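>>> here is a sequence with its predicted model. Questions after.
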Amino acid sequence: MPTIRTTRAHTCVATVTALLSLLSPYDSKALAATAPNSYALVQRAIDGYVLPHIEELKSQTERLALSVDRLCQNGAEASREEVASEFRKTVEAYAGIEFFRFGPLVEKGRREKLSFWPDPRGIVPRQLRLFMANQNLSQMNADAISKQSAALQGLPALEYLLTDNTAPLGPDAKSTDRCVLANAISQNIANNARDLEHGWTKDGGWKDKMLRPGSDNDTYKDPNESASEFVKALLVGFQLLADIQVKPRFDATRKQQGHITLVGPYEKSGLVKAYYAASVASLQKFYDTLAMENFLPEEQDWVKNWAGGAWRTMRASDGVGGRRPEAGRDDTPSLRELFDKITGLRKLVSREMAASAGLTVGFNELDGD
Amino acid sequence: MDHPWLMRWLAQRLVLLQNSSQKLHDHSENGDEIMTASAFGSRIRGAIFIVAIASFAPLASAEPAVKDIIKTYGDLAAAKYGDALAKARDLDKAIDSFIAAPSADTLKAARAAWKASRDPYMQTEGFRFGNKIVDDWEGNVNAWPLDEGLIDYVDTASYGEKKDENPLYAANIIANPSLQLGANKLDAKTIDKDVIASLNSALDVEANVGTGYHAIEFLLWGQDLNGTNAGAGNRPATDYDVKACTGGNCERRRAYLKSASQLLIDDLTTMVETWKVGGPARKAITDQNDNQQLQVILTGLGSLSYGELAGERMKLGVLLHDPEEEHDCFSDNTHNSHYYDQVGMISIWNGNYEGATPVKGASVAELARAKNPEAAKRVDDAMATALAKLKAIKDKADSGDMAYDQMLAAGNDAGNKMILDAVDALVAQARAIEGVVAALKLQIKIEGSDSLDNPSAVGAAE
């Protein structure tokens, strides 16, 4: 645990926070260092972050599908290593866009179809076992799997097949059905990534929708609503990182006592740390792209300083209680400290930066249980 | 059953519509169709809901005081939880009759009482997410989904015998006088309220649920083994008949059912006390400033609309095509549960409820209409649309054509679409509520770390 201490700086932070909480967003905006421009923020987010990262996911899923097909054809160790590498890169690319829980990623359940995780009730293994036992897999293809449960058609389902040693993927007869299914799933993943990109970039797609708000727009009535959507995405990213990746690992003692903790992302493939690192790197890049710190008035430099410290903590941790080799601090942040820094930063973005930008942050799909 | 005030609203609006030659615009996807009121009246009932409720809202009204809005809000909660409690007492009596003389008829009556008890309870769910005192308590009465094998026997062929994510997946406490909970052993020789309450979230697994509506639902219906085909759970009454016991352990099953029913009454009594004038739930709100008080109301509506109802309870089920993911999965009552969630949200928005204790007073809707009629109208329209979509699901299920678990089946494009249309409408409703949050210059509270509320609790970031 970190040293618990009350400093003058903390007292100052609390006082300033309290005073600023009395100001409306309009008041804060009047003091801003850079005048907020919601349209520019949205354009920055789309062109500077969203589209390049979705393009990366699309390309990566295509490489993954090809590698799975190769492995099934030759079963060579080199092909197995290639699949593992492409799977890791795909998972990392997905970590870069998973927090955009609106628009094309949620349409037709694409997010769940790409990656049904977290899965605290073990739906992926349960449905996959039943599916493989009861279905004729010989005719399975990407189109057919796309009509099945989301739990059967994404990266976790593919991971299950890739890591199940009872019948390793390859040309052996006992793996024939599994290879048909693995190819169907990996091609379906690539199709979903392609559809995701199309949803953003097509004429009248989500890019146009966000850049052309107005009374005739069925989703965004003014530029602030479009901009708020991206701020909300950033906050969802922090929430996923803190609540789903970090928090379940807090207390190893409880696990030893028989209590159940959520399995980490792509834990079967040994990618928990890689996923955490990709999440942090992606969130920081997106945070920098939004550049909301620029809207803060000079009086709120403490916010920037606090945020800088939070990012250092996030980068220093490996997400599971250890320290990354390239950490920018000498000690190892505890998971509790890490959780507090992430959620603290989330609050700062919501309360201070969004307010300074004149934006209102609303609800998201994580608000339920 | 339709809610009386809502039906009166609709009736009033239909009379006005039919007596008028005013042309109405159908806000369909292409947005270009125009029809007369009488022609409109012949369209599907769902579409009528949209216009009726949206039209009923006044364009602008006097600005109510926040203290009056909160007074109405508290009165609504007290009235609704009061009605939920009354129906839970009716359920308890029906369970007494069933246990005293187990038969198909007394079981049928108990099941009917359970369904009746759900309608008022679901109308309280809009109070949940904005009020910590409610959210902390809610798991006692409506935790879902549950691994029912913790409670009683299951069909192992379909359910399985174990699950990595839950060591208690098939623990069957009705058949076992003790249960290993991690390092501790639970003595369950006597099944009582304490024992079943200790099952909730045992070993930190949320699917371990020992109490509340869904535990009782499972005890009355048993598993629905029909998959996505027609039919609900079909537990025989003899599961409670000590002289002709089926399923084994009938005495313990009777004790469990009665304990769960009594505990439901206890929990709802607590919530009624919590919301009485001067009670802790009301005080928790009025201790905050005006903006925060309004945020409580809108947070409850927005979070239930989007993350909970649209997401966890509806979208997930249809994406997984899994009947285990429907909210009332044993009884096939899901269509009613979702519908009355929405009825309750509209009631909270408008400050209007006609239950045993009718409530009508100042509302956040009136405030929004006075401050920003356009933002308020967006919510009115969105709520009406969502109600229509949920009503269409309810009507379809009530007609016997297609139960909710059939709608979510793989390959049932029409049923899937009905659910996803409602999901879209609820997400749009949440966006519209966000519009009011912005118009009233409010902030949705971010839950989580206390590091900024209490900076001394953690070390410096540097």
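Ah, there it is.
>>> switch to C-alpha atoms for all contacts and neighbour counts from now on
Noted.
>>> could you give me the buried positions within the helix or strand that contains A:Gln43?
According to DSSP states H and E, A:Gln43 maps onto helix A:38-45. Neighbour-count burial for helix A:38-45 flags A:Ser38, A:Tyr39, A:Leu41, A:Val42, A:Gln43, A:Arg44, A:Ala45 (criterion: 16 or more other C-alpha atoms under 10 Å in any protein chain shown).
>>> check stretch B:259-277 too.
Buried residues in stretch B:259-277 (16+ other C-alpha under 10 Å): B:259-265, B:267-269, B:271-276.
>>> these in helices, which ones?
B:259-265, B:267-269, B:271-275 (DSSP state H).
>>> for the closest residue to A:Arg121 other than its chain neighbours, what are its contacts?
Leaving out its chain neighbours, the residue that sits closest to A:Arg121 by C-alpha to C-alpha, 6 or more residues apart in numbering or on different chains is B:Glu165, at 6.1 Å. By C-alpha atoms under 8 Å, 6 or more residues apart in numbering or on different chains, B:Glu165 lies in contact with A:Pro120, A:Arg121, A:Gly122, A:Ile260, B:Val205.
>>> so which of these wins on neighbours?
Highest neighbour count within the contacts of B:Glu165, by other C-alpha atoms under 10 Å in any protein chain shown: B:Val205, with 23 neighbours.
>>> for it, give me the pLDDT.
For B:Val205, the pLDDT comes out at 91.
>>> likewise for B:Val458?
pLDDT, read off for B:Val458, is 30.
>>> tell me what the helix holding A:Gln43 is packed against?
Judged by 3 or more C-alpha pairs under 8 Å, 6 or more residues apart in numbering or on different chains; DSSP states H and E, helix A:38-45 is in contact with helix A:206-211, helix A:223-239, helix A:272-290.
>>> closest to A:Leu359 out of these?
The minimum distance between A:Leu359 and the helices and strands packed on helix A:38-45 falls on helix A:223-239, with 5.8 Å, by C-alpha to C-alpha.
>>> could I get the buried residue list for that closest one?
In helix A:223-239, counting by 16+ other C-alpha under 10 Å, buried: A:223-239.
>>> now do the buried residues in the following helix or strand past the helix holding A:Gln43.
Next along the chain after helix A:38-45, taking DSSP H and E as the criterion, comes helix A:51-74. For helix A:51-74, the neighbour count (16+ other C-alpha under 10 Å) marks A:51, A:53-73 as buried.
>>> quick revisit: out of the contacts of B:Glu165, which is nearest to B:Leu390?
A:Arg121 (27.1 Å).
>>> and the helices in the stretch 1-150 of chain B?
For the stretch 1-150 of chain B, applying DSSP state H, counting those that start in this stretch gives helices covering B:4-18, B:37-41, B:45-56, B:66-100, B:104-122, B:132-142.
>>> and residue 124, how many neighbours?
Picking chain A for this. A:Val124: 22 neighbours (other C-alpha under 10 Å).
>>> wait, chain B was what I had in mind.
Neighbours of B:Thr124 using other C-alpha under 10 Å come to 25.
>>> next one: B:Ser399
10.
>>> grab the most central residue of chain B for me.
B:Met122 (3.7 Å; C-alpha atoms, centre = their mean).
>>> correct me if wrong: B:Leu203 contacts A:Thr261.
No: between B:Leu203 and A:Thr261 there is no contact under C-alpha atoms under 8 Å: 9.1 Å.
>>> near chain A, which residues of the stretch 51-200 of chain B? Just list them.
Applying C-alpha under 8 Å from any C-alpha of the partner chain, one finds that the stretch 51-200 of chain B approaches chain A through B:Lys163, B:Asp164, B:Glu165, B:Asn166, B:Leu181, B:Gly182, B:Ala183.
>>> now the buried residues of helix A:38-45 as a markdown table including pLDDT and distance to B:Ile191?
Converted to a markdown table, the buried residues of helix A:38-45 look like this (pLDDT from 0 to 100; distance: C-alpha to C-alpha, whole Å):
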| residue | pLDDT | distance to B:Ile191 |
| --- | --- | --- |
| A:Ser38 | 93 | 60 |
| A:Tyr39 | 94 | 62 |
| A:Leu41 | 96 | 60 |
| A:Val42 | 97 | 59 |
| A:Gln43 | 97 | 62 |
| A:Arg44 | 96 | 61 |
| A:Ala45 | 98 | 57 |
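>>> got the confidence number for residue 227?
In the absence of a named chain, chain A is used. pLDDT at A:Ala227 comes out at 96.
>>> if you could check chain B rather than the one you did, that'd help
At B:Gly227, pLDDT is 91.
>>> how close does it sit to B:Pro323?
6 Å (C-alpha to C-alpha, to the nearest Å).
>>> more neighbours: which of the two?
A side-by-side neighbour count of B:Gly227 and B:Pro323, using other C-alpha under 10 Å, places B:Pro323 first with 25 against 17.
>>> any idea how far that one lies from A:Leu211?
For B:Pro323, the distance to A:Leu211 - C-alpha to C-alpha - is 40 Å.
>>> spell out which residues of the stretch 201-350 of chain A are next to chain B.
A:219, A:257-261, A:306, A:309-310, A:313, A:337, A:339-341, A:343-344, A:347, A:350.
>>> filter those down to the buried ones and hand me the ChimeraX line.
A single ChimeraX command selects the buried members of those (16+ other C-alpha under 10 Å):
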select /A:219,258,259,260,261,306,309,310,313,337,339,340,341,343,344,347,350
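>>> can I assume A:Tyr222 is in contact with A:Leu211?
Actually, residue A:222 is Asp rather than Tyr. No: with contact defined as C-alpha under 8 Å, A:Asp222 does not reach A:Leu211; the gap is 9.5 Å.
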